[in-house]
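Visitor: For reference, the sequence and a predicted model appear below.
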Amino acid sequence: MTLNSQPSLQYIKGVGPKRAEALANLGIHNIKDLFSYFPRGYLDRSQIVRIADLKNYLESGEPVTIFAEVYRQEARRTRRSNKLIFMLTVKDESGFLTCVWFEGFYWLKDAFEVGELLALSSIPTLDKLNRPQFVHPQFDRLKSVEEDEPDWGKLFNTGGIIPKYRSSAELEKVGLDSRGFRRIIRNAVDHHFSAIEETISHEILQRHSLCDEPSAIHSIHFPASFQELEAAQRRLKFEELFFLQLMLALRKRGAQQQLRGLTYNTESKLVHQLVSTLEFELTPAQKRVMQEIIKDLLSPYPMNRLMQGDVGSGKTIVALCTALIAVENGLQVAFMAPTEILAGQHYQTLKYFLKNLPVNVRMLIGGQRKVLREDVMEDIRSGSANIVIGTHALVEEKVEFAKLGFVIVDEQHRFGVMQRAALRGKGINPDVLVMTATPIPRTLAMTLYGDLEISIIDELPANRKSIRTALRTESQKHKVYQFVKDEIDRGRQAYIVFPLIEESEKIDLKAATKEYEHLQNNIFQNYRLGLLHGRLKPEKKDEVMQKFKAGEIQILVSTTIIEVGIDIPNAIIMIIENAERFGLSQLHQLRGRVGRGADQSYCILIANYSWYDAHSKGIEATELRDEKEHARTRLETMVQTTDGFKIAEVDLKLRGPGEFFGTQQSGVPALRIANLIDDADLLALARTEAFDLIKNDPHLRQKSNECIRKHYEEEFREILELGNIG
Ligand code: ADP
Ligand code: MG
């Protein structure tokens, strides 16, 4: 929405300094923001009837509104519980009606005056004598006692489709509950309506039969009918998605504007050499994705590609093969991992794969000794390091590459758009390949990675056995431990993972350490256990991992730091303690640590729902119930399926897209009204329109697109450097 001027909130009747401050805390600074504070839902109180006709509305189960005068009020005690209830009798020209409240007596007893005119909304029910009654009706006062004429403008809460607004304790303190919001937004709409400007070109609106902006804003707050409301919602959702896609289209164009400045020769000896030494055949999906990447390398524009593939689908080897092409063309490759452990793992893997090839692989991580670090830095500077593996320190620190041409980012969901952009800035428009094991439904991928091409490795190597997943309780633990012993006696290894939540890392760490000691001393006395957690020094972590890999450690007790990428085929059991505390994608990632070899693997989830009760302080009962319910759903989903896409979908439903992706850091603005799942159709329309628009009028210079440009610049001011209209 665009306002030709942006009147400050103080101009609105009902908004003083206190309210203005509370609103500012919500991010509402001007009238435009207030108009965009969309209702979170609606109540249908549009049906206005006479008291005498209420009996016809008993069956419908829908609320109706009456206009009536206060006739009598009284207190009663219920016979059973001896509780005070409040009864209000009202009358209109057709008859009398009793309204009952079972709660709030002390407030209600002084709330009404006889003769006062009210609008009351409720679903009519029958009392003991089979007369219609209202229980806990909503009401508006239409006329205070001093006034003579009823003020129909006071009808905010009844008598129509009533918007509900999100509020908070802080807002309620200054009178901005849902009713308060209705009042000030009503004033804003009444007095500043003419300031609302169109944001989308006429052609686009017409093409999709979308209503204009002023009508949409009016109707989203005060719809005269549900039809009108739907039209407003459709338009505003489209608008939101359209500008989001426009940002992506501009970003994509921005990335394509600069030529790579180098043409690849993709006939690579190194790749042939590597592939011929592999102990396995690449899957058809791996081969296909490799071709897709090679096609990008042949184009004059730098690559921006997302490689999606479930855990264990073999993304690393695909990335490595294509990286070798860059190496052979004289370019350096940066390989970024989300954690140091994982960087270490990739380093080992790459060293292993490349042991007979003339490729210099180096690793740069935080905890390295100075001499080593200097040496690595020098190799990077001089260009003698062909592939450099590291964490995001590779981007953040002052690392100077001689000729960075290819960037691989592993596990994208930990990296934001900003970081990607920063890395890109380090090279001469390097090709960027992002790998993720978080399967993303298509519509979402379109939004989150709308500026990336997408490749999917949609099959696992053929030799994989499925993983058996079981859900157990605390009391069944001894059986689980016995099972672990049996498998270890047969030469296998196991993980036991404990949750670690950041708020109390120290306490948790202590718990994990204690648990480790308990397991070693009381349960697995005759076995070799190791402990791995984030607070260990890098060398120590490395040592533990190496020992586990070599089989010296049989059971690795760990926090979630093993979540991503660790690859030890002989470890076939994954036990997750307090599994109820983990998120779905975390559980899926953890489970992906087993099932890496040809043997049957197992994932055993140990649930302890009582944890929720113990940590329930300060949480509302309903929230606690939801939490527990979600935990159950998560665990049951894990037992039912190993399909990463299905799991991602459930996860998305439980958490909503915002939390799922951490939109804050992903560089995608939070959505106010549209929903990426439910509005997938509109999203597709918006995407087509936005990308076509940028193709036909790349700088939005046409007169008809002026409004689009203006709104875009206002709305996306902060992130403009990523998707400049230019
Ligand atoms: P992820 O996609 O989870 O990163 P990795 O790249 O770590 O998967 O691969 C998992 C394991 O599978 C590694 O040990 C890798 O060497 C192996 N692998 C990769 N491709 C194949 C294949 N086509 N056949 C058999 N094993 C493979
Ligand atoms: Mg991996």
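Guide: Alright, I've got the coordinates. Ligands and ions are numbered 1, 2, ... in the order given.

Visitor: Now residue 714. Its backbone dihedrals?
Guide: phi -70, psi -50 (degrees, to the nearest 10).

Visitor: If I look at it, what pLDDT would I see?
Guide: Note on residue 714: pLDDT of 82.

Visitor: In the record's domain split, what are the boundaries for this protein?
Guide: For the chain, the domain assignment from automatic domain parsing gives the residue ranges 47-159, 269-299+314-436, 468-641.

Visitor: Beyond the helix or strand harbouring residue 65, next helix or strand please.
Guide: According to DSSP states H and E, residue 65 maps onto strand 64-77. On the C-terminal side of strand 64-77, the closest following helix or strand by DSSP H and E is strand 84-92.

Visitor: Direction-wise, compare that next one with strand 64-77 and give the angle.
Guide: Going by axes from the mean of the first three to the mean of the last three Cα atoms, to 10 degrees, strand 84-92 is angled at 140 degrees with respect to strand 64-77.

Visitor: So what touches strand 84-92?
Guide: By Cβ atoms under 8 Å, 6 or more residues apart in numbering, the residues outside strand 84-92 that reach it are 50-51, 66-78, 96-102, 104-105, 108-109, 112, 118, 120. Where you see a C-beta, it was placed from the backbone N, CA and C, and this is true even at glycine.

Visitor: partners of that strand, with directions?
Guide: Here strand 84-92 is paired, per DSSP bridges, with strand 64-77 (antiparallel), strand 95-101 (antiparallel).

Visitor: Buried ones in that strand, by neighbour count?
Guide: 84, 85, 86, 88, 90, 92 (16 or more other Cβ atoms under 10 Å).

Visitor: hang on, the earlier thing: from the domains of the chain, which stretch is densest packed?
Guide: domain 269-299+314-436 (a mean of 19; mean count of other Cβ atoms under 10 Å).

Visitor: quick one: that one to chain centroid distance?
Guide: Mean-position distance between domain 269-299+314-436 and its chain equals 28 Å (Cα atoms, centre = their mean, to the nearest Å).

Visitor: what's the span of that domain from first residue to last?
Guide: End-to-end span of domain 269-299+314-436 (Cα to Cα, to the nearest Å): 28 Å.

Visitor: ok, now stretch 74-84?
Guide: Per Cα to Cα, stretch 74-84 runs 10 Å from first to last residue.

Visitor: follow-up on the earlier one: got CSV for the strands paired with strand 84-92, with distance to ligand 1 and mean pLDDT too?
Guide: Below are these laid out as CSV (distance: least, Cβ to the nearest ligand atom, whole Å; pLDDT from 0 to 100):
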stretch, distance to ligand 1, mean pLDDT
strand 64-77, 59, 89
strand 95-101, 59, 94
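
Visitor: So for the helix ranked longest in the chain, what gets flagged as buried?
Guide: Assignment by DSSP state H gives helix 226-257 as the longest helix of the chain. For helix 226-257, a neighbour-count test (16+ other Cβ under 10 Å) marks 228-229, 231-255 as buried.

Visitor: which secondary structure elements does that helix contact?
Guide: helix 213-221, helix 442-448, helix 680-696, helix 706-715 (3 or more Cβ pairs under 8 Å, 6 or more residues apart in numbering; DSSP states H and E).

Visitor: Low-confidence ranges, the stretch 1-150 of the chain, go.
Guide: Scanning the stretch 1-150 of the chain for pLDDT under 70 picks out 1-7, 143-150.

Visitor: Would you map the strands across it?
Guide: Secondary structure of the stretch 1-150 of the chain, counting by DSSP state E, counting those that start in this stretch: strands at 2-3, 41-44, 64-77, 84-92, 95-101, 117-122, 125-126, 132-135, 138-143.

Visitor: what would these look like in a markdown table with distance to residue 320?
Guide: What follows is the strands of the stretch 1-150 of the chain, written out as a markdown table (distance: least, Cβ to Cβ, whole Å):
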| stretch | distance to residue 320 |
| --- | --- |
| strand 2-3 | 49 |
| strand 41-44 | 51 |
| strand 64-77 | 68 |
| strand 84-92 | 74 |
| strand 95-101 | 70 |
| strand 117-122 | 66 |
| strand 125-126 | 70 |
| strand 132-135 | 68 |
| strand 138-143 | 64 |
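
Visitor: still on that earlier bit, can you give the contact residues for the strand holding residue 65?
Guide: Residues from elsewhere that reach strand 64-77 (Cβ under 8 Å, 6+ apart): 45-51, 54, 57, 83-92, 96-97, 105, 109, 112-124, 142, 158-159.

Visitor: same check, this time on stretch 282-289
Guide: If you take Cβ under 8 Å, 6+ apart as the criterion, stretch 282-289 is touched by 275, 290, 307, 309, 313-314, 317-318, 455-462.

Visitor: Quick check: whichever residue of the stretch 151-300 of the chain sits closest to ligand 1 vs residue 311, distance?
Guide: Closest to ligand 1 within the stretch 151-300 of the chain is residue 280: 3.5 Å, counting by Cβ to the nearest ligand atom. Distance, residue 280 to residue 311, by Cβ to Cβ, to the nearest Å: 17 Å.

Visitor: hang on, the earlier thing: out of the strands of the stretch 1-150 of the chain, which is closest to residue 363?
Guide: Among the strands of the stretch 1-150 of the chain, the nearest to residue 363 by Cβ to Cβ is strand 2-3 (50.6 Å).

Visitor: check contacts around the residue of the chain most remote from its centre.
Guide: Outermost residue of the chain with respect to the C-alpha centroid, by Cα atoms, centre = their mean, is residue 93; its distance is 54.1 Å. By Cβ under 8 Å, 6+ apart, the contact set of residue 93 is residue 50.

Visitor: cool, the one 4 residues further on as well?
Guide: Residues counted as contacts of residue 97 (Cβ under 8 Å, 6+ apart) are 51, 54, 66, 68, 89, 90, 91, 132, 133, 134.
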